[in-house]
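J.: Following is a predicted model, sequence given first.
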Protein chains: 2
Amino acid sequence: MSDAKFHLYYWPGLPGRGEFVRLVLEEAGADWVDVGLLPESQGGGARAMMEALGQGAVPAYAPPVLKVGDLEIAQAPNICSYLGERFGLVPPDEAARLHARQFQLTVADVVAEAHDTHHPIAVMKTYEEQKEPAKAHAEVFRTQRIPKYLGYFERVLKANTRGGGRYLIGSDFSYPELGLFQIVEGLLYAFPNAMRRIASQVPGVMALRERIAERPRIAAYKSSKRAQPFNPKGIFRHYAELDEPNAMK
Amino acid sequence: MSDAKFHLYYWPGLPGRGEFVRLVLEEAGADWVDVGLLPESQGGGARAMMEALGQGAVPAYAPPVLKVGDLEIAQAPNICSYLGERFGLVPPDEAARLHARQFQLTVADVVAEAHDTHHPIAVMKTYEEQKEPAKAHAEVFRTQRIPKYLGYFERVLKANTRGGGRYLIGSDFSYPELGLFQIVEGLLYAFPNAMRRIASQVPGVMALRERIAERPRIAAYKSSKRAQPFNPKGIFRHYAELDEPNAMK
């Protein structure tokens, strides 16, 4: 066990739901360690991660799990909100905190739906065993759900007049913007052709994504070895047959 | 607009995600009104509900929405936690609050998966248009996912030694137990045969369900006209072909 203050337990090898927590820890400049990425000799790896799930006084259903001293909590949106509030990455008033949690939950809904595009039937089976329903599900996701979700966040940016169209909450950055950034990154990886079409409909969301990518701590993290790229084992996956044809060709 | 203190905006005609909020409001003895159930002449019905979604300073992606004075918040787990904390339906310490939110989010995950059993491909299409993938998805849900989810809550009850196997948190009732109650109710309605088999594996969860049903305010609400029964327009739906054969016959 390292002596870092925050221990994140999540699958090594993919961004996944853990990445939403990692981004908040990085933006906060927290003293943290990614247990799944430690060598097994230091208590790391997938095994330590799975063992952590069942051992606490309050079991977690699934990773990510965050340990802070004696406290052990699960559910990515819950962890993000805990950290965001603790590190002042959201205004301290009740309405701002509740709206930040609301946005983080809608981000989580997008993640769940993005996962189901390649696993619409059975989470424990492979993509190859559910390719046909995946194709049908992905089409609905690309044509209806992505525009609806990102269009929603575009409306939130516009409706927040104090933020001049740049912020989800108030007149400054807040932690759910990291989550919105990460789902846009994931959608760009998984559905590049669909996103080329959709991006022009949500200019505020795409501009927010650029601003988050340029935040010094996020940029440093994303270019570090600690950041694990999207890949076909993750939640956001690129299968050409689930995307639409490239209209630019 | 009624002069009640809490206004819930949710689809009339089904328990749905709104029911998780309704149960917390009822258990709290809150002064609340279900706007969707008011006549249109009093600003009620589905139309008032949909209009509420877009009009606030902070738009909601989907119902349920709760209005309290100037505050307007969305996402059922977020609303339940707000109310549960406000009305003292969870201990005031940070760990208890975070674990309650964690449980409420896992309840919400069950709700989303239960919905997808009859709509695995496209939320906007009918069940009849996706019956075959629904059958495959429901089988996985019945045989793997329900036992895993309810087995998780059974472990939580056992691990909470202070609660003697009776409580999710500490040594008394807390609001996520209302959510766990409601998913068990929904699963019993949707998959009666599967649940007959699974119930014996999760005696703690089934006993908790009985205790919640007997809480005076919950019993009064559930036997009132305000409570809307499960039905084939809702999230938890009973289609005989999605359940398993009755092993008792």
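T.: Sure thing, it's come through.
J.: Quick one: classify residue A:12 as helix, strand or coil.
T.: The three-state assignment at residue A:12 reads coil, by DSSP: H, G, I helix; E, B strand; the rest coil.
J.: Give the full set of residues in contact with it.
T.: Shown in contact with residue A:12 (Cβ atoms under 8 Å, 6 or more residues apart in numbering or on different chains): A:34, A:36-37, A:44-46, A:49, A:228. For the C-beta atoms, the positions are set from N, CA and C on the backbone; glycine is no exception.
J.: pLDDT below threshold where in chain A?
T.: A:1, A:249 (pLDDT under 70).
J.: Which parts of it are helices?
T.: Along chain A, the stretches classed as helices by DSSP state H are A:18-28, A:45-55, A:76-86, A:94-118, A:131-140, A:146-159, A:176-190, A:192-199, A:203-214, A:216-222.
J.: picking up where we left off before, how about JSON lines for the contacts of residue A:12, with neighbour count and distance to chain B added?
T.: Formatted as JSON lines, the contacts of residue A:12 follow (neighbours: other Cβ atoms under 10 Å in any protein chain shown; distance: Cβ to the nearest Cβ, whole Å):
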{"residue": "A:34", "neighbour count": "22", "distance to chain B": "20"}
{"residue": "A:36", "neighbour count": "24", "distance to chain B": "20"}
{"residue": "A:37", "neighbour count": "16", "distance to chain B": "24"}
{"residue": "A:44", "neighbour count": "20", "distance to chain B": "24"}
{"residue": "A:45", "neighbour count": "16", "distance to chain B": "23"}
{"residue": "A:46", "neighbour count": "16", "distance to chain B": "19"}
{"residue": "A:49", "neighbour count": "24", "distance to chain B": "17"}
{"residue": "A:228", "neighbour count": "20", "distance to chain B": "24"}
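J.: and the gap between residue A:9 and chain B?
T.: With the distance defined as Cβ to the nearest Cβ, to the nearest Å, residue A:9 ends up 14 Å from chain B.
J.: residues contacting that residue?
T.: Counting by Cβ under 8 Å, 6+ apart, residue A:9 touches A:35-36, A:48-49, A:52-53, A:63-67.
J.: Now render these as JSON lines, adding distance to residue B:155.
T.: Shown next, in JSON lines, are these (distance: Cβ to Cβ, whole Å):
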{"residue": "A:35", "distance to residue B:155": "21"}
{"residue": "A:36", "distance to residue B:155": "22"}
{"residue": "A:48", "distance to residue B:155": "19"}
{"residue": "A:49", "distance to residue B:155": "18"}
{"residue": "A:52", "distance to residue B:155": "14"}
{"residue": "A:53", "distance to residue B:155": "10"}
{"residue": "A:63", "distance to residue B:155": "16"}
{"residue": "A:64", "distance to residue B:155": "18"}
{"residue": "A:65", "distance to residue B:155": "14"}
{"residue": "A:66", "distance to residue B:155": "19"}
{"residue": "A:67", "distance to residue B:155": "18"}
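J.: Of the residues you listed, just say which sits nearest to residue B:247.
T.: residue A:53 (31.6 Å; Cβ to Cβ).
J.: Quick check, the closest one in contact with residue A:64.
T.: No - here residue A:53 lies out of contact with residue A:64, judged by Cβ atoms under 8 Å, at a distance of 10.3 Å.
J.: Neighbour count: those two, which is higher?
T.: With neighbours defined as other Cβ atoms under 10 Å in any protein chain shown, residue A:53 and residue A:64 compare such that residue A:64 has more, 25 against 17.
J.: Residue A:132: neighbour count?
T.: 12.
J.: again but with residue A:173, I slipped
T.: Around residue A:173 there are 20 other residues, counting by other Cβ under 10 Å.
J.: got it, and residue A:246?
T.: 12.
J.: Just give the nearest non-adjacent residue to it, would you?
T.: Leaving aside its sequence neighbours, residue A:246 sits nearest to residue A:193 (Cβ to Cβ, 6 or more residues apart in numbering or on different chains; 4.7 Å).
J.: Turn the helices of chain A into JSON lines, columns for distance to residue B:78.
T.: As requested, those are exported to JSON lines (distance: least, Cβ to Cβ, whole Å):
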{"stretch": "helix A:18-28", "distance to residue B:78": "16"}
{"stretch": "helix A:45-55", "distance to residue B:78": "25"}
{"stretch": "helix A:76-86", "distance to residue B:78": "9"}
{"stretch": "helix A:94-118", "distance to residue B:78": "5"}
{"stretch": "helix A:131-140", "distance to residue B:78": "26"}
{"stretch": "helix A:146-159", "distance to residue B:78": "15"}
{"stretch": "helix A:176-190", "distance to residue B:78": "12"}
{"stretch": "helix A:192-199", "distance to residue B:78": "27"}
{"stretch": "helix A:203-214", "distance to residue B:78": "21"}
{"stretch": "helix A:216-222", "distance to residue B:78": "25"}
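J.: ok, now which ones touch residue A:73?
T.: By Cβ under 8 Å, 6+ apart, the contact list for residue A:73 reads A:58, A:60, A:65-66, A:79, A:82, B:98-99, B:102.
J.: how about a cut-off of 10 Å?
T.: A:56, A:58, A:60, A:64-67, A:79, A:82-83, B:94-95, B:98-99, B:101-102 (Cβ atoms under 10 Å, 6 or more residues apart in numbering or on different chains).
J.: who's in contact with the closest residue to it other than its chain neighbours?
T.: Nearest residue to residue A:73, sequence neighbours excluded (Cβ to Cβ, 6+ apart): residue B:98, at 4.8 Å. Applying Cβ under 10 Å, 6+ apart to residue B:98 gives the contacts A:58, A:66, A:68, A:71-75, A:78-79, A:81-82, B:81, B:90.
J.: And residue A:36, by the same measure?
T.: By Cβ under 10 Å, 6+ apart, the contact list for residue A:36 reads A:8-14, A:18, A:44-50, A:52, A:63-64, A:228.
J.: try residue A:190
T.: So residue A:190 contacts A:114, A:117-118, A:138, A:141-142, A:146, A:230, A:234-239, A:242-243 (Cβ under 10 Å, 6+ apart).
J.: of those residues, list those near chain B.
T.: The subset of these within reach of chain B, by Cβ under 10 Å from any Cβ of the partner chain, is A:138, A:141.
J.: Give the burial count for the residue lying closest to residue A:239 once chain neighbours are set aside, as a bare number.
T.: Among residues not flanking residue A:239 along the chain, residue A:118 sits closest, at 6.5 Å (Cβ to Cβ, 6+ apart). Each residue near residue A:118 was counted by other Cβ under 10 Å, and the total is 24.
J.: Tell me the spacing between residue A:118 and chain B.
T.: Look at residue A:118 and chain B: by Cβ to the nearest Cβ, they are 13 Å apart.
J.: Could you do residue A:5 as well?
T.: 16 Å.
J.: so that residue sits right up against residue A:71, yeah?
T.: No - Residue A:5 is beyond contact range of residue A:71, at 11.2 Å (criterion: Cβ atoms under 10 Å).
J.: how about residue A:241, what does it touch?
T.: Contacts for residue A:241 (Cβ under 10 Å, 6+ apart) come out as A:131, A:134-135, A:138.
J.: if I pick residue A:107, what's in contact with it?
T.: Contacts for residue A:107 (Cβ under 10 Å, 6+ apart) come out as A:20, A:76-77, A:80, A:149, A:153, A:176-183.
J.: And those, which is closest to residue B:126?
T.: Residue B:126 has its nearest neighbour among these in residue A:149, at 22.2 Å by Cβ to Cβ.
J.: Pull the number of nearby residues for the closest one.
T.: 24.
J.: Please name the nearest non-neighbouring residue to it.
T.: Nearest non-adjacent residue to residue A:149, counting by Cβ to Cβ, 6+ apart: residue A:110, 5.1 Å away.
J.: Report how many residues lie close to the one you found.
T.: Using other Cβ under 10 Å, residue A:110 has 26 other residues around it.
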